[in-house]
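# take a look and give me a structure for this.
(2 chains)
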Amino acid sequence: MDDFEPRIIGFFCNWCTYAGADLAGTSRIQYPPNIRVIRLMCSGALDPVYVLKALLEGADGVLIGGCHPGDCHYQSGNYKARRRVAILQSILKQMGFEPERVWLRWISASEGRYFADTVTEMVAKLKELGPNPLKGVGAI
Amino acid sequence: MSVTTCLEVAEGDTLGTLQRFLSRLLSEDIVDALLVPQKLPTGDNVVPTLIWDPAVGVGIQRPPLLAGVDPIAPVMPVIAAKAFSKVTATEHGERLAAVLRSCELRAVIELVKLQQASLDNVILIGVDCLGTYEVKDYARLIEAGVDPTAEVLAGAAQGRLIAHEGYQLRAACRMCEKPVPGGPDVYRPDITIGLLGVDPRQQVLIEASDALAEKLGLQANVGQVGNLSARRQEAIERLIAERTAERDRMFAAFRERVTGADGLLAEFSTCIRCYNCMGACPICYCKECIFRTPTFDHASPQYFRWAERKGSIRLPTDTLLFHLTRLNHMSTSCVGCGMCESACPSELPVALIFRAVGQETQAIFDYHPGRSLEEEVPVATFREDELTELGERRE
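Numbering: from 1, shown residues only, chains lettered A, B, ... in the order given. Here you go, the predicted structure:
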């Protein structure tokens, strides 16, 4: 298991978390290269279908990043995202799938350090959890 | 406030009594049209119909007033909430009364909140649901000379709704703990037609809003109703207790079965991807579902890359994605009508899956689909002070 490198799909809002990730880069903060980022205009624009698609295709984790509560560029998108993540995690748990593979984090544009720490922490947790059991399954 | 009274049933003709009662809505110009189940001329199916002229049935011949109307028949080929949505979604200017069983009523309430139906100029009439058979079972019973309506009516007084020997009610009905309009966690319609706990071969309970009671000249019948309501309460409680026990048994079996990826895959292994469950679902209202778009169609090389990576892939792809996504999109509003399961050619227990999962997703928001117009649909709203631990840094 030592050589297992988790693959994380990130869905980041344009205004906060994506800018935070950008700041981590421009500040030359080191973090594990295990994340592939997809930029959205808002965490509230993320339909759970895409999170599920990533997981069912074998992503080991999904990190959803949005603005802190109260800071949404569109007023309330992150609150709606929070409800959707709560529903999604409940469904994953009930269907025998690990809800801990889906993370929601509020990361602002100024929190480059926190972004790097979050990815580092998530990679460590996913290494403990092991590879996504659906990774090699073709019959999904 | 409301008025509760009894309609006396002459010669055991419960349907005739209800037909005469409902026809008054049209003949006394209280509404322009009636949305109500009607027996087809073939006799082997009872379908939602929109009646304008009470003297004309869906057959070729002209029967007496509303003679085909049967809001009790234990069959539900489609859920009338979908018909209700079509008939009321856009401005129409007509006055409508809709006769609905409990799950149909709950689905209507969800659709109104989802802005897919309107209660403007609508009188909602709820009927105690005595359970339903699968359409093919109902037709078979009729062919065998059985009167399924009379059979369930006979059990209504005791709240014992038992299927004909060798048959079963639909799984969704066997675990339905909300058979009574206006009952626990069910919206209270303008008029409720009570069959449970009264002997509907002798009388039928009518509970109407004050305004409608006045229009229809209904007088509260305190003495008779007083005696009945205790019996009715008892029968309803017994039925709900039985159904709840069956529900919990089925939920437990499901939860035991689905643990881990293997159980999850086994649950949907026989899905043929017809999307019937989605088409039959009253809550899945999207005009353009993402699964009917090319979103998950890929350029040919992509399929080979997936096959290369995994060794082989099931085609069409995304079967599990379809069901899990539908759970995410609509389980919080699932009313448990079970039309998905009835529509499934592979007899997948989709109603059970959606109800079991829905129980938990609804509990997150303490939401009860079809209970009230004021409680907002969970996926359409939010509260700032809820789920606050989600998204925060974990120490």
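
# what about the strands in the stretch 151-300 of chain B?
Using DSSP state E, counting those that start in this stretch, the strands found in the stretch 151-300 of chain B span residues B:191-194, B:203-209.

# what ranges do the strands span in chain A?
Using DSSP state E, the strands of chain A run over A:8-13, A:35-40, A:61-66, A:102-106.

# need the winner for burial among these.
Each of those was scored by mean neighbour count; the highest is strand A:61-66, a mean of 27, by mean count of other C-beta atoms under 10 Å in any protein chain shown. Bear in mind the C-beta positions are built from the backbone N, C-alpha and C, glycine included.

# in chain A, which ranges drop under the pLDDT threshold?
Low-confidence segments of chain A (pLDDT under 70): A:1-2.

# ok so, going back, tell me the most buried of the strands of the stretch 151-300 of chain B?
The highest mean neighbour count among these, using mean count of other C-beta under 10 Å, belongs to strand B:191-194: a mean of 25.

# which residues touch that strand?
By C-beta atoms under 8 Å, 6 or more residues apart in numbering or on different chains, the list of residues contacting strand B:191-194 from outside reads B:18, B:71, B:99, B:123-128, B:180-182, B:204-209, B:212, B:232.

# any idea how far residue B:220 is from residue B:22?
20 Å (C-beta to C-beta, to the nearest Å).

# neighbour-wise, which of the two wins?
For residue B:220 versus residue B:22, the count of surrounding residues by other C-beta atoms under 10 Å in any protein chain shown is larger for residue B:22: 24 against 15.

# in whichever strand or helix holds the more buried one, what's buried?
Secondary structure assignment for residue B:22, by DSSP states H and E: helix B:14-27. By neighbour count on 16 or more other C-beta atoms under 10 Å in any protein chain shown, the buried set for helix B:14-27 is B:14, B:15, B:16, B:17, B:18, B:19, B:20, B:21, B:22, B:23, B:25, B:26.

# what's the spacing between the following helix or strand past that helix and its chain's center?
Following helix B:14-27 in sequence order, the next helix or strand is strand B:33-39 (DSSP H and E). Remark: strand B:33-39 is offset 16 Å from the chain centroid, using C-alpha atoms, centre = their mean, to the nearest Å.

# where does the prediction get shaky in the stretch 51-200 of chain B?
The model of the stretch 51-200 of chain B has pLDDT under 70 over residues B:56-65.

# for the residue nearest to residue B:15 when sequence neighbours are not counted, give me its contacts.
Nearest residue to residue B:15, sequence neighbours excluded (C-beta to C-beta, 6 or more residues apart in numbering or on different chains): residue B:70, at 5.9 Å. By C-beta under 8 Å, 6+ apart, the contact list for residue B:70 reads B:15, B:37, B:38, B:39, B:46, B:149.

# buried subset of the residues you listed, written for PyMOL?
Only the buried entries of the contacts of residue B:70 go into this PyMOL selection, using 16+ other C-beta under 10 Å:
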select buried, chain B and resi 15+37+38+39+46+149
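
# now for the nearest residue to residue B:8 once chain neighbours are set aside: which residues touch it?
Of all residues beyond its chain neighbours, the one nearest residue B:8 is residue B:203 (5.6 Å), with distances taken as C-beta to C-beta, 6+ apart. For residue B:203, the contact set (C-beta under 8 Å, 6+ apart) comprises B:6, B:7, B:8, B:9, B:224, B:228.

# of the residues you listed, buried ones?
So, by 16+ other C-beta under 10 Å, the buried ones in the contacts of residue B:203 are B:6, B:7, B:9, B:224, B:228.

# pretty sure residue B:258 sits against residue B:252.
No. Using C-beta atoms under 8 Å, residue B:258 makes no contact with residue B:252, being 11.4 Å away.

# which of those two has more neighbours?
Taking neighbours as other C-beta under 10 Å, residue B:258 and residue B:252 compare with residue B:258 leading, 21 against 11.

# distance to residue B:298 for the strands of the stretch 151-300 of chain B - can I get that in a markdown table?
Below are those laid out as a markdown table (distance: least, C-beta to C-beta, whole Å):
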| stretch | distance to residue B:298 |
| --- | --- |
| strand B:191-194 | 52 |
| strand B:203-209 | 55 |
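
# among those strands, which is nearest residue B:318?
Nearest of those to residue B:318, taken as C-beta to C-beta: strand B:191-194 at 43.5 Å.

# can you list the strands that the closest one pairs with?
According to DSSP bridges, strand B:191-194 has the following sheet partners: strand B:122-127 (parallel), strand B:203-209 (antiparallel).

# save the ones you listed as TSV, and put in distance to residue B:238 too.
Output for those, formatted as TSV (distance: least, C-beta to C-beta, whole Å):
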stretch	distance to residue B:238
strand B:122-127	19
strand B:203-209	17
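
# tell me which of these lies nearest to residue B:382.
Of the strands paired with strand B:191-194, nearest to residue B:382 by C-beta to C-beta is strand B:122-127, at 28.9 Å.

# off-centre distance for the closest one?
Counting by C-alpha atoms, centre = their mean, strand B:122-127 is centred 14 Å from the centre of its parent chain.

# which is the next helix or strand following it?
Using DSSP H and E, the helix or strand that follows strand B:122-127 in sequence is helix B:135-143.

# so which residues of chain A form helices?
A:17-26, A:48-56, A:77-94, A:112-129 (DSSP state H).

# with the stretch 101-250 of chain B instead?
With DSSP state H, counting those that start in this stretch as the criterion, the stretch 101-250 of chain B has helices at B:102-113, B:135-143, B:148-156, B:171-174, B:210-216, B:222-257.

# and the last one, average pLDDT?
Along helix B:222-257, the predicted confidence averages to a pLDDT of 91.

# counting contacts, what elements does that helix pack onto?
Here helix B:222-257 touches strand B:2-8, helix B:171-174, strand B:203-209, helix B:260-267, helix B:350-364, going by 3 or more C-beta pairs under 8 Å, 6 or more residues apart in numbering or on different chains; DSSP states H and E.

# let's see that with 6 Å instead.
Applying 3 or more C-beta pairs under 6 Å, 6 or more residues apart in numbering or on different chains; DSSP states H and E, one finds that helix B:222-257 contacts helix B:350-364.

# any idea what the residue sitting nearest the centre point of chain A is bridged to?
Most central in chain A under C-alpha atoms, centre = their mean is residue A:63, positioned 0.5 Å from the mean C-alpha point. Beta-bridge pairing for residue A:63 (DSSP bridges): residue A:10, residue A:103.

# how far away is it from chain B?
11 Å (C-beta to the nearest C-beta, to the nearest Å).

# same question for residue A:60.
Applying C-beta to the nearest C-beta to residue A:60 and chain B gives a distance of 14 Å.

# what is the neighbour count of that residue?
Residues near residue A:60, counting by other C-beta under 10 Å: 25.

# list the contacts of it.
By C-beta atoms under 6 Å, 6 or more residues apart in numbering or on different chains, the contact list for residue A:60 reads A:6, A:7, A:126, A:132.

# any chance of CSV for those residues, columns distance to chain B and neighbour count?
Below are the contacts of residue A:60 laid out as CSV (distance: C-beta to the nearest C-beta, whole Å; neighbours: other C-beta atoms under 10 Å in any protein chain shown):
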residue, distance to chain B, neighbour count
A:6, 16, 22
A:7, 12, 19
A:126, 14, 24
A:132, 9, 23
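
# so who does residue 52 touch?
Picking chain A for this. Contacts of residue A:52 by C-beta under 6 Å, 6+ apart are B:321, B:324, B:325.

# wait, I meant chain B there
Residue B:52 makes contact with residue B:33 under the criterion C-beta under 6 Å, 6+ apart.
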